[in-house]
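In: Let's see this in three dimensions:
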Amino acid sequence: MLRSFLRRLLAGLLLLGLGCAPAWASRQVTDMAGRQVEVPGQIRTLYAVGHCIPLVWAIAPEKLGNNRPMPEGARRFLPDGFFNGKRSPGSGAMELSDEELVQMAPDLIVMEAYPGAAERADRTQARLQIPVVLVDQDMLHYPQAFSFLGQLLEQPEQAARLSDFVHRYLDPIRETARQIPEARRLQVYYAEGPDGLSTNPAGSAHTQLLEFVGARNVARVSNVPGEGLSKVSLEQLYAWQPQRILVWTPAAERRVTWKAIVDNPLWQNVQAVRNGQVLQIPWLPFSWFDRPPGSNRIIGAVWLAQTLYPQYFRLDLVKIIQEYFQTFYHQSLTEADARALLALSQPRHDG
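Out: Reported below is the predicted structural model:
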């Protein structure tokens, strides 16, 4: 009888140990750059680097441990949880320093997969002794990114909701864009920097959205690695003669770049300016086009497709914006909120 009791006790202890194992056991995952990474069995808090912040917030907001400097007005369109209790970089930086990261002590670091990112991830992992995984944020690979993070962060249902949004809205946009005749494809310039004379050419991650919706990037300049921002001249713009200009600047709320273009008589020799076709890219809570070139571009694809090609698309922007914010930002918007965001693309000289 004693022997039988001991066997039952040992079996019970073994089951108890197995039941507790997932809370502390590590596991091997293959990230989206093909790297084998050992991660904790339970990920409670993670650090998302730059472009990955909107993506991680969409998948698992309770696990995101950091945010980044945000533009004025962003709080209106994000839940309090995006700000409260989140670690922000000091000294106006966009990313946490090593010292800040050590203090934060995340279970995991999520970085964007880009050329050369694997080496950076390996160095960061070795230096900080924190596992680093890479996520592909190419416009064509968002469902795979959602699936990867959904499994990693134990949020497969939310990942499926995000993928469903992409399949319902972006897949048809991409298919329709492919069918736009060459003669009807708009020539677009992406104006960056305070004077509007910096840009990124076709092939850059920063302008992928243009090709996605069927537009032509007029910039014929070298693709600068990293953040890009190739310098151009007005003479080049006179030669390119874009039909539309999309404007981005960190000071979007002051419309610095938009004013620099539309108020400068020298820009009037450019077709898009002369015809009143200079669009400020909506920037709240993140830019809808770029910087960061993350999952925030998904709503940008809907907005840009409808804005550039109303003859090819019949999209209810207000409804889709409300759905996007609920699904990706976990924030309910009123119809007035959605219309206010759309109005950002049409600045006024007196406002």
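
In: What segments of this structure are helices?
Out: All helices of the chain, identified by DSSP state H, fall at 2-24, 53-59, 98-104, 117-128, 142-152, 156-165, 171-178, 208-212, 234-240, 256-262, 271-274, 297-308, 317-328, 335-343.

In: for the residue nearest to Gln322 when sequence neighbours are not counted, what are its contacts?
Out: Using Cβ to Cβ, 6 or more residues apart in numbering and skipping the chain neighbours, the partner closest in space to Gln322 is Leu333 (4.9 Å). Backbone N, C-alpha and C define where each C-beta goes, glycine included. Each residue near Leu333 by Cβ atoms under 8 Å, 6 or more residues apart in numbering is listed here: Phe77, Ile321, Gln322, Phe325, Gln326, Leu341.

In: any idea which of those is closest to Glu99?
Out: Nearest to Glu99 among the contacts of Leu333 is Phe77, at 31.3 Å by Cβ to Cβ.

In: my guess is that closest one contacts Phe328, does it?
Out: No: at 11.2 Å, Phe77 and Phe328 do not qualify as touching, with contact defined as Cβ atoms under 8 Å.

In: quick one, domains of the protein?
Out: 26-166, 181-343 (automatic domain parsing).

In: Next, format those domains as a markdown table and append distance to Arg174.
Out: Output for the domains of the chain, formatted as a markdown table (distance: least, Cβ to Cβ, whole Å):
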| stretch | distance to Arg174 |
| --- | --- |
| domain 26-166 | 8 |
| domain 181-343 | 6 |
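
In: now those in a markdown table, with distance to Pro172 and mean pLDDT?
Out: Converted to a markdown table, these look like this (distance: least, Cβ to Cβ, whole Å; pLDDT from 0 to 100):
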| stretch | distance to Pro172 | mean pLDDT |
| --- | --- | --- |
| domain 26-166 | 11 | 96 |
| domain 181-343 | 9 | 95 |
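
In: and Ile173, which of the ones you listed is closest to it?
Out: Using Cβ to Cβ, these put domain 181-343 closest to Ile173, at 4.8 Å.

In: Relative to the whole chain's centre, how far out is that closest one?
Out: 15 Å (Cα atoms, centre = their mean, to the nearest Å).

In: Compute the first-to-last residue distance for that domain.
Out: For domain 181-343, the first-to-last residue distance is 29 Å (Cα to Cα, to the nearest Å).

In: follow-up on the earlier one: of the helices of the chain, which stretch is the most buried?
Out: Neighbour counts (mean count of other Cβ atoms under 10 Å) averaged over each of the helices of the chain peak at helix 53-59, with a mean of 26.

In: hmm, who's touching it?
Out: Applying Cβ under 8 Å, 6+ apart, the external contacts of helix 53-59 come out as 46, 48, 63-64, 66-68, 82, 110, 135, 137, 145-146, 149-150, 153, 155, 158-159, 162, 286, 292, 294-296, 327-330.

In: Neighbours of Gln36, how many?
Out: 8 (other Cβ atoms under 10 Å).

In: what residues are up against it?
Out: Contacts here follow Cβ under 8 Å, 6+ apart; on that basis Gln36 touches Gln28, Val29, Thr30.

In: That one and Gln28: what is the separation?
Out: With the distance defined as Cβ to Cβ, to the nearest Å, Gln36 ends up 6 Å from Gln28.

In: how about the nearest residue to Arg44 once chain neighbours are set aside, what does it touch?
Out: Among residues not flanking Arg44 along the chain, Asp107 sits closest, at 5.7 Å (Cβ to Cβ, 6+ apart). Asp107 is in contact with Val39, Pro40, Gln42, Ile43, Arg44, Thr45, Leu46, Ile130, Pro131, counting by Cβ under 8 Å, 6+ apart.

In: quick revisit: now the buried members of the contacts of Gln36.
Out: Val29 (16 or more other Cβ atoms under 10 Å).

In: Was I right to think Gln125 contacts Leu134?
Out: No: here Gln125 does not reach Leu134: they are 10.7 Å apart, not a contact under Cβ under 8 Å.

In: returning to what we had before: now restrict the contacts of Asp107 to buried residues only.
Out: Val39, Ile43, Leu46, Ile130, Pro131.

In: Skip the chain neighbours and tell me the closest residue to the first one.
Out: Once flanking residues are discounted, Val39 sits nearest to Pro131: 4.9 Å by Cβ to Cβ, 6+ apart.

In: so how far is Leu229 from that neighbour?
Out: 32 Å.

In: cool, Arg216 as well?
Out: In terms of Cβ to Cβ, Arg216 sits 20 Å off from Leu229.

In: Arg255 now?
Out: 19 Å.

In: So for those two, which sits in the more crowded spot?
Out: Neighbours were counted for Arg255 and for Leu229 using other Cβ under 10 Å; Arg255 has more, 19 against 13.
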